[in-house]
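>>> give me coordinates for this.
(chains A and B)
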2 protein chains.
Amino acid sequence: MTAENLPVLAILGGTGDLGTGLARRWAQAGYRVIIGSRTADKAEAAVADLREVMAERGVAEVAVEAMENLAAAEAADIVTLTVPFAHQTATLELVKPALQGKILVDVTVPLVPPRVARVQLPAEGSAGQIAQDLLGEEVAVVSAFQNVAAHHLQEGHGLNCDVLVCGNKKDARAEVIKLVEAAGMRGFHAGMINNAAAAEALTSVLITINKQYQCHAGIRITGLDGDE
Amino acid sequence: MTAENLPVLAILGGTGDLGTGLARRWAQAGYRVIIGSRTADKAEAAVADLREVMAERGVAEVAVEAMENLAAAEAADIVTLTVPFAHQTATLELVKPALQGKILVDVTVPLVPPRVARVQLPAEGSAGQIAQDLLGEEVAVVSAFQNVAAHHLQEGHGLNCDVLVCGNKKDARAEVIKLVEAAGMRGFHAGMINNAAAAEALTSVLITINKQYQCHAGIRITGLDGDE
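As a prediction, this is how the structure comes out:
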């Protein structure tokens, strides 16, 4: 835990658009963030980029550092996974010992290239379920952020999209909803881990909409009290 | 076609909240609407209810009539199916001969009672895919309306939710998007029929959110041009 009592965050595969977008927003919210990658070099480069963007935005001090994935997972309280579906299993097997008793935020979307606009869910039901099965009950897998356009995450301003948060443990979901809010969005309790299937499938639909309507689409939950 | 050149609409299983909600909105928009049910009596009762609600709203004349499901499908240009998942296959087998060359709007959500808040998609991928496989290529299956709260559909005013429209034929999707708009919502081209999995899975997530936050949730697509 940091001095402010915030959990230390690691982002594995944190050098992509989604990972660096989350890292910037969490660092700016005061969290200590570790960017993990398969090599320390790639992680260092992402951290250097991030410091540059923060400096441009007039943010002098951010607690961001670079590590290899396993070291990042060991050093963090909450670990976020933002790797392509094809690397999900291998990355989780590598860091499994470091995740015991922690929350894993799974952002994996089971896209099957080249037809990424087609919903093609895995036989297990969802990538979230795959992660939970692989890691066992001592790791609280919480899926989130599958429907956030990295394009918007990279921007400095507020985000007009919501995040569906799925996981078998309510306390763990609540922790992740705090992280969603720290990144400038609303998070919703969306059910058990296999309900991640909905958010994962929706990503392909949003890719379809992006192509069709030339946009970077997201979703917002409507029909809440005072909403209409 | 009616005098105004609008297609004649049938709603099979049209006596439930979702079916009657759509019937009211389409009738009010000037469409001729046939409410279909397993018995003519049930359909007649739904039509009588609908006329009463319309009269209360000061709408004197609506072109709504009652038929058994097969007769309704025969008499219509576009057929909408709003039956529980358990009745989807039997109803489609009954009306299949009447659907050749037409659009079937499939609203089926593959909920598995009693755990309707859990995503449990069928082995075929989606209820929409089941319908397309069963009906064959001469029927354009278009899935839609799975995420619309019947509660809001029954109300007289505008709806703050969007509709994901999936189907293998773009022209057919465009026809259904007109019906979505006639019912007071925005419709989006959301890909091929199996992408219906996303909307179908999302219904269980919205049921979860309804329970958790005491609301009647829907979704809205964000990130469009001029949207933020």
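>>> please pull out the lowest mean pLDDT helix or strand from chain A.
Every helix and strand of chain A was ranked by mean pLDDT, DSSP states H and E. The lowest is helix A:150-153, at a mean of 87.
>>> pull up the pairing partners for the helix or strand following that one, direction included.
As assigned by DSSP states H and E, the chain's next helix or strand after helix A:150-153 is strand A:162-167. Within its sheet, strand A:162-167 is paired with strand A:140-143 (antiparallel), strand A:186-189 (parallel), according to DSSP bridges.
>>> can you list the buried residues in the least confident helix or strand of chain A?
A:Ala150, A:His152, A:Leu153 (16 or more other Cβ atoms under 10 Å in any protein chain shown). To be clear about C-beta, it is placed using only N, CA and C from the backbone, and glycine gets the same treatment.
>>> swap in stretch A:53-71?
Applying 16+ other Cβ under 10 Å to stretch A:53-71 flags A:Met54, A:Val62, A:Ala63, A:Val64, A:Glu65, A:Ala66, A:Met67, A:Glu68, A:Asn69, A:Leu70, A:Ala71 as buried.
>>> straight-line length of that stretch, end to end?
25 Å (Cα to Cα, to the nearest Å).
>>> next one: stretch A:116-126
15 Å.
>>> what's the answer for stretch A:139-150, then?
End to end - Cα to Cα - stretch A:139-150 spans 27 Å.
>>> same thing with stretch A:60-80?
Using Cα to Cα, the end-to-end distance of stretch A:60-80 comes to 25 Å.
>>> centre of the chain to it, how far?
Relative to the mean C-alpha coordinate of its chain, stretch A:60-80 is positioned 14 Å out (Cα atoms, centre = their mean, to the nearest Å).
>>> in stretch A:43-56, what's buried?
In stretch A:43-56, counting by 16+ other Cβ under 10 Å, buried: A:Ala43, A:Glu44, A:Ala46, A:Val47, A:Leu50, A:Arg51, A:Met54.
>>> list the contacts of it.
For stretch A:43-56, the external contacting residues (Cβ atoms under 8 Å, 6 or more residues apart in numbering or on different chains) are A:14-15, A:19-20, A:23-24, A:27-28, A:35-37, A:60, A:62, A:64-68, A:72.
>>> can I get the buried residues of helix A:150-153 in a markdown table including distance to B:Glu175?
As requested, the buried residues of helix A:150-153 are exported to a markdown table (distance: Cβ to Cβ, whole Å):
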| residue | distance to B:Glu175 |
| --- | --- |
| A:Ala150 | 34 |
| A:His152 | 32 |
| A:Leu153 | 36 |
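>>> go through the residues you listed and name the one nearest B:Phe188.
Nearest to B:Phe188 out of those is A:His152 (Cβ to Cβ; 18.1 Å).
>>> so who does the residue nearest the centre of chain A touch?
Chain A has A:Val107 as the residue nearest its centroid, 4.4 Å off, counting by Cα atoms, centre = their mean. With contact taken as Cβ under 8 Å, 6+ apart, A:Val107 is in contact with A:Leu18, A:Thr80, A:Leu81, A:Thr82, A:Ser143, A:Ala144, A:Phe145, A:Gln146.
>>> which of the buried residues of stretch A:53-71 fall within helices?
Among the buried residues of stretch A:53-71, the ones falling in helices (DSSP state H) are A:Met54, A:Asn69, A:Leu70, A:Ala71.
>>> give me the neighbour count for A:Val8.
Neighbour count for A:Val8, taken as other Cβ atoms under 10 Å in any protein chain shown: 17.
>>> hang on, A:Leu121 is in a strand, isn't it?
No. Under DSSP: H, G, I helix; E, B strand; the rest coil, A:Leu121 sits outside any strand and is assigned coil.
>>> surely it meets B:Asn195?
No. Applying Cβ atoms under 8 Å, one finds A:Leu121 not in contact with B:Asn195, separated by 11.0 Å.
>>> what touches both of the two?
Between them, A:Leu121 and B:Asn195 share these contacting residues under Cβ under 8 Å, 6+ apart: A:Ala201.
>>> the two: who's more crowded?
Counted by other Cβ under 10 Å, A:Leu121 and B:Asn195 do not tie: B:Asn195 has more neighbours, with 30 against 25.
>>> tell me the contacts of the more buried one?
Contacts of B:Asn195 were listed using Cβ under 8 Å, 6+ apart, and they are A:Ala117, A:Arg118, A:Val119, A:Ala201, A:Ser204, A:Val205, A:Thr208, B:Ser126, B:Leu164, B:Cys166.
>>> how about A:Ala198?
Per Cβ under 8 Å, 6+ apart, neighbours of A:Ala198: A:Leu164, A:Ala190, B:Val119, B:Ala198, B:Ala201, B:Leu202, B:Ser204, B:Val205.
>>> what about the nearest residue to the first one once chain neighbours are set aside, neighbour count?
Leaving out its chain neighbours, the residue that sits closest to A:Leu164 by Cβ to Cβ, 6 or more residues apart in numbering or on different chains is A:Ala190, at 3.9 Å. The criterion is other Cβ under 10 Å. On that basis, A:Ala190 has 28 neighbouring residues.
>>> so A:Leu94 sits right up against A:Glu68, yeah?
No. In this structure A:Leu94 lies outside contact range of A:Glu68 using Cβ under 8 Å: 9.5 Å.
>>> quick check: mean pLDDT across the helix or strand harbouring A:Glu93?
Under the criterion of DSSP H and E, A:Glu93 resides in helix A:85-99. Helix A:85-99 carries an average pLDDT of 98.
>>> buried residues in that helix?
By neighbour count on 16+ other Cβ under 10 Å, the buried set for helix A:85-99 is A:Phe85, A:Gln88, A:Thr91, A:Leu92, A:Leu94, A:Val95, A:Lys96, A:Ala98, A:Leu99.
>>> in JSON lines: these, plus distance to chain B.
Output for the buried residues of helix A:85-99, formatted as JSON lines (distance: Cβ to the nearest Cβ, whole Å):
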{"residue": "A:Phe85", "distance to chain B": "16"}
{"residue": "A:Gln88", "distance to chain B": "19"}
{"residue": "A:Thr91", "distance to chain B": "24"}
{"residue": "A:Leu92", "distance to chain B": "22"}
{"residue": "A:Leu94", "distance to chain B": "29"}
{"residue": "A:Val95", "distance to chain B": "27"}
{"residue": "A:Lys96", "distance to chain B": "25"}
{"residue": "A:Ala98", "distance to chain B": "29"}
{"residue": "A:Leu99", "distance to chain B": "24"}
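>>> who touches A:Met103 in this structure?
You called it Met, but residue A:103 is Ile. A:Asp77, A:Ile78, A:Val79, A:Val139, A:Ala140, A:Val141, A:Val142, A:Ala172, A:Glu175, A:Val176.
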